[in-house]
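**Q** what's the 3D shape of this:
(chains A, B and C)
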Amino acid sequence: MGHWLVKSEPDAFSWDQQVEAKVEPWTGVRNALAAINLRAMRQGDLAFFYHSNIGKEIVGVVEVVREAYPDPSDETGRWVCVDMQALSPVPRPVTLAAIKATPELADLALVRQSRLSVMPIGAEHWAMLCRMGGWKPPRKRR
DNA sequence: GCCAACGTTGGC
DNA sequence: GCCAACGTTGGC
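**A** As a prediction, this is how the structure comes out:
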């Protein structure tokens, strides 16, 4: 399973809005590398939901429920979006400051490429960030 | 195809 | 509000 981190300015689209919407198309990505990452997402992959600018912290986890398709907000038809579903909040939001204070996380794209809005997270980094945030995958309903 | 100018993102 | 990083645009 793939792991990711996606950024949103809470002014524009916040975690609370994601929770309320349940499933939300992740539109508006207009960066080539971010788009490559979007296209690599598979259904069932998980992503941290990060608040940029305001908060600067990981606040929740979303699940990819629909793989890349043409972004309806893009009239050129060149860019794609995916659908994200809110999974659960991160009990203790993981701040950028905390991430920067953790040497093992120094090579996260979040730190090294601050302007990239969609990035992969390695399995070990994912596990460490989950530990820092006290986040555990919710038990699946039967 | 180079590169200067400009615009945007996002941390501080 | 400032500015570093960096992507994009356009003149040549």
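**Q** show me where chain A has its helices.
**A** Residue ranges of the helices in chain A, as given by DSSP state H, are A:15-21, A:32-40, A:96-100, A:109-112, A:123-133.
**Q** residues of the first one that come out buried?
**A** Buried residues in helix A:15-21, defined by neighbour count with 16 or more other C-beta atoms under 10 Å: A:15, A:18, A:19. Using the backbone N, CA and C atoms, a C-beta is placed for each residue, glycine as well.
**Q** show me what contacts the second one?
**A** Residues in contact with residue A:18, defined by C-beta atoms under 8 Å, 6 or more residues apart in numbering, are A:8, A:24, A:49, A:60, A:62, A:84, A:86.
**Q** over to the last one?
**A** Taking C-beta under 8 Å, 6+ apart, we find residue A:19 in contact with A:60, A:86, A:89.
**Q** out of those residues, grab the one that's most surrounded.
**A** In terms of neighbour count, residue A:60 stands highest of the contacts of residue A:19 at 22 neighbours, by other C-beta atoms under 10 Å.
**Q** that one - nearest residue in space that isn't next to it in sequence?
**A** Once its chain neighbours are removed from consideration, residue A:60 has its nearest residue in residue A:49; the separation is 4.3 Å (C-beta to C-beta, 6 or more residues apart in numbering).
**Q** got a list of what the one you found touches?
**A** A:6, A:8, A:15, A:18, A:58, A:59, A:60, A:61, A:62, A:84, A:86.
**Q** and these near DNA strand C, which?
**A** The subset of those lying close to DNA strand C, counting by C-beta under 7 Å from any atom of the strand, is empty.
**Q** among the residues you listed, name the ones in strands.
**A** Among these, the ones falling in strands (DSSP state E) are A:6, A:8, A:58, A:59, A:60, A:61, A:62, A:84, A:86.
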